[in-house]
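S.K.: Turn this into a model:
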Amino acid sequence: MTESTLVEVHRYPFSKAALADIQHNVCAGSNWPLVYILSDGKNKQAYVGETTDTLTRLNTHLKHYEKRFLTSVHLISSDRFNKSATLDIESGLIKYMAADGVYCLLNGNLGLVDHNYYQRDELYNRVFRSAWDKLRAEGVVSHSLESIDNSDVFKYSPYKSLSREQRQSLLGLLYALLDEKTKNLLVEGGAGTGKSVLAIFLFKLLNSKDAELNLRSFSDEEEELEGLVKKLRERYPKPKMALVVPMTSFRNTLKKAFRSVAGLKASMVVSPSELVKHKYDIVLVDESHRLRKRTNLGAYFGVFDEACEALGLDKHNCSELDWVCQQSDKAIFFYDENQSIKPSDANAADFVRLRAASSTQAQTLSSQFRVRAGQPFVKFVDDLLNVRLPKGKQFRSGNYEFKLYDSIEEMVRAVGEKNDQFGLCRLIAGYAWPWVSKKNPSEYDIEIDGVHLRWNRTNSDWINTSGADSEVGCIHTTQGYDLNYTGIIFGNEIRYDKVSDTIIIDKANYCDKNGKHGVQDSQALKQYVLNIYKTIMLRGIRGTFVYACDESLRNYLKQHIPVHSPSVQTAEAPAPVAELLPYINAVPLYDLEVAAGDFGALHNRLDDEKEWVAVPDHVRVNKNLFACRVIGDSMNRIIPNGATCLFTKAPGGTRDGKIVLVECTDEADAETGSRYTVKDYESSKIQNEDGWQHKVIRLNPRSYNDMFKPLELTEAQALSYQVIGEFMQTLD
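M.R.: Numbers count the residues shown, from 1 in each chain. Below you'll find the model as predicted:
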């Protein structure tokens, strides 16, 4: 079986009359397991399911009060399917389609199935990708899987499969919420143990209708979980809830994720000071270790004092932890003592007292979900920073890149290359340089061996800001986030003393004023700085690169981190209809191979001079739509050679992960001889004195033939290329 025939996707109308045609589908007619998508292109609603009895299941859906109004059904079938595979592919489609955003899903998306089975990795991951490509061709989905993987809507979506440990923790939390003697819950776990995912899942669970629940992955616990949720609904029919996130940047990111989830609103994600406005039934606090006390607050002193006065608390003897406890009937704190990184953070002793209280229940998460190297890497980093490793012991992993660089220039280049390949790769440094560019954007903040760099230009959601790949983040803009690769710069505030075999902190070179002011205990300051480096070293999913400014520290790290070896650089046609009504049921069709002049002139020809082509009934037609034939095999995973495709005129905003039609004004496409090409679009940007410009644009093929390579455009070359339209679906 070839890659292109691993899976088949067939579209039918969703109606009683169409069931006879569907019965002739080999898989549907023979009770073979398959996956299906019901959709309505005009109202943008869809439902994903799997079945071994297609006709009966579709007949049932036609009687459903919501699903009966859907208009199309796509059957996804393969002779390799079995029950485990269809459950897995159904789960994957729900997760990715929810983040893709073309359709609003009617599914009960919580509790999705995620389990291993025979040939899952070797075969069925390929089957899923092939199915996704075919659905892109049909216009059912829009973005590439790679771009969705890197999106916050996906990373912080509640539509995720929970691990066994997380499921057990969830059950414990629900029991505690029903326990009248329990006031507070403390969930402890290190970086990457899935605290945020569990918090968001629980938040969505308690704000879901019964119809939205799909709890098959809980298997033996499903009945138990449903019973607990039912009791909580009786106690809190419409729970007044808030998710408190102390850090501004991460809070804004989660607000954005909540906007994309049915039943959740951005206003549900709040700062600690916003608790003053309301009393809540249930408050969840993510990153609780960053709740603050009245120390080194800078401009926040006034807000802190006003909140304490409004709540009747002594501002000198309380913290935001007390605000949460006072303003909630039940509070759940997700906490990691080792991620407390400055003196303004609430005292660890406050959480010790909270844990010891008779009205508190505590749980622990230990499994590592972020870093592919797992818990051994977490322990290794902790031992490395605390100088507890045997001399010469190194960490090596077949599925994780961990490297030390002697050259900052080499490391910056390596992180850039990884960002071009995977996206979401960033430089992060310790706070060892003042933020000069905050007031003077033309200045550089960091200079190391002739390499000049700038700090992050914004504190809010920096990770996802255009141009972030050319800047350097700090602990305050990266804590809580996932990255693919990180390049960690150890600044001159942290050094290694060979005589005493210890890491020492140079307070004079530590530039976070609020992070050191009033800290007299050198050991306390050292612990804050070590926590910072441990936290940022656990951001990278695929790998971590390291550079140390202090030579003695670099030599110490060389004993335990594999050293990067510099490589030698070398040079390098639709179905007919009775009557075509322009912009009613038809759009203009252009022959781009013979088009003369620019596309604008072609698109603006008089209507009676145009050739028109019909579009499917589910497409909402407007004057921004057009069609053209795509010649060549460079996109044949999604678009067959010669297929007629529907496009929309290029709107504003990001095009990353989308298929686009591009016009080249200087030369013809090598494959087709045309001035136009269709490719998957990927870009990264950089800031200079003239503003934001493209650093590189990559036009990626999606072909079964490996001979097609990405087309990479420099800034100068990009001026000759113009995005004309965004692909919607094939029409053939």
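
S.K.: Neighbours of Leu205, how many?
M.R.: By other Cβ atoms under 10 Å, the residues close to Leu205 number 21. All C-beta atoms are positioned from the backbone trio N, CA, C, and that covers glycine.

S.K.: Isn't it up against Arg233?
M.R.: No - using Cβ atoms under 8 Å as the test, Leu205 is too far from Arg233 to be in contact (10.6 Å).

S.K.: where in the stretch 201-350 of the chain is pLDDT low?
M.R.: Within the stretch 201-350 of the chain, the stretches with pLDDT under 70 are 210-221.

S.K.: Alpha carbons only: can I get stretch 340-348 in CSV?
M.R.: Extracted in CSV, the C-alpha atoms of stretch 340-348 (Å, rounded to 0.1, in the frame of the first residue of the first chain):
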residue,chain,number,x,y,z
SER,A,340,10.1,30.4,43.4
ILE,A,341,12.5,32.8,41.8
LYS,A,342,12.5,36.1,43.7
PRO,A,343,12.0,37.6,47.2
SER,A,344,8.5,38.9,46.4
ASP,A,345,7.2,35.3,46.0
ALA,A,346,5.1,34.1,48.9
ASN,A,347,7.1,32.3,51.6
ALA,A,348,7.6,28.6,51.3
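
S.K.: contact partners of it?
M.R.: The contact list for stretch 340-348 (Cβ atoms under 8 Å, 6 or more residues apart in numbering) reads 288-293, 295-297, 319-321, 337, 475, 479, 512, 514-519, 524, 528, 531-532, 535.

S.K.: Next: stretch 444-456.
M.R.: 407-409, 412, 427, 429, 433-438, 443, 462, 465, 468, 470-474, 477, 489, 547, 549.

S.K.: in the helix or strand harbouring Leu427, what's buried?
M.R.: Leu427 is located in strand 425-429, with elements delineated by DSSP states H and E. Under the neighbour-count criterion of 16 or more other Cβ atoms under 10 Å, strand 425-429 has Cys425, Arg426, Leu427, Ile428, Ala429 buried.

S.K.: Of the residues you listed, which is the nearest to Pro588?
M.R.: Taking Cβ to Cβ as the measure, Pro588 lies nearest Cys425 of the buried residues of strand 425-429, at 41.4 Å.

S.K.: ok, now which ones touch that closest one?
M.R.: Per Cβ under 8 Å, 6+ apart, neighbours of Cys425: Val415, Gly416, Lys418, Asn419, Asp469, Leu483, Asn484, Tyr485, Thr486, Gly487.

S.K.: mind running it again at 6 Å?
M.R.: Val415, Lys418, Asn419, Asn484, Tyr485 (Cβ atoms under 6 Å, 6 or more residues apart in numbering).

S.K.: Would you mind measuring from it to Met247?
M.R.: 21 Å (Cβ to Cβ, to the nearest Å).

S.K.: for Asp521, same thing?
M.R.: For Asp521, the distance to Met247 equals 25 Å [Cβ to Cβ].

S.K.: between those two, who's got more neighbours?
M.R.: Set Asp521 next to Met247 and count neighbours by other Cβ under 10 Å: Met247 wins out with 20 against 8.

S.K.: which residue packs closest to that one, ignoring adjacent ones?
M.R.: Nearest residue to Met247 in three dimensions, chain neighbours excluded: Arg290, at 5.6 Å (Cβ to Cβ, 6 or more residues apart in numbering).

S.K.: Got phi/psi on the one you found?
M.R.: Backbone torsions of Arg290, given as degrees, to the nearest 10, read phi -100, psi 10.

S.K.: Is it in contact with Pro246, as I believe?
M.R.: Yes - counting by Cβ atoms under 6 Å, Arg290 touches Pro246, with 4.0 Å between them.

S.K.: what about Asn636, distance to Pro343?
M.R.: In terms of Cβ to Cβ, Asn636 sits 59 Å off from Pro343.

S.K.: Three-state assignment for Arg457, please.
M.R.: coil (DSSP: H, G, I helix; E, B strand; the rest coil).
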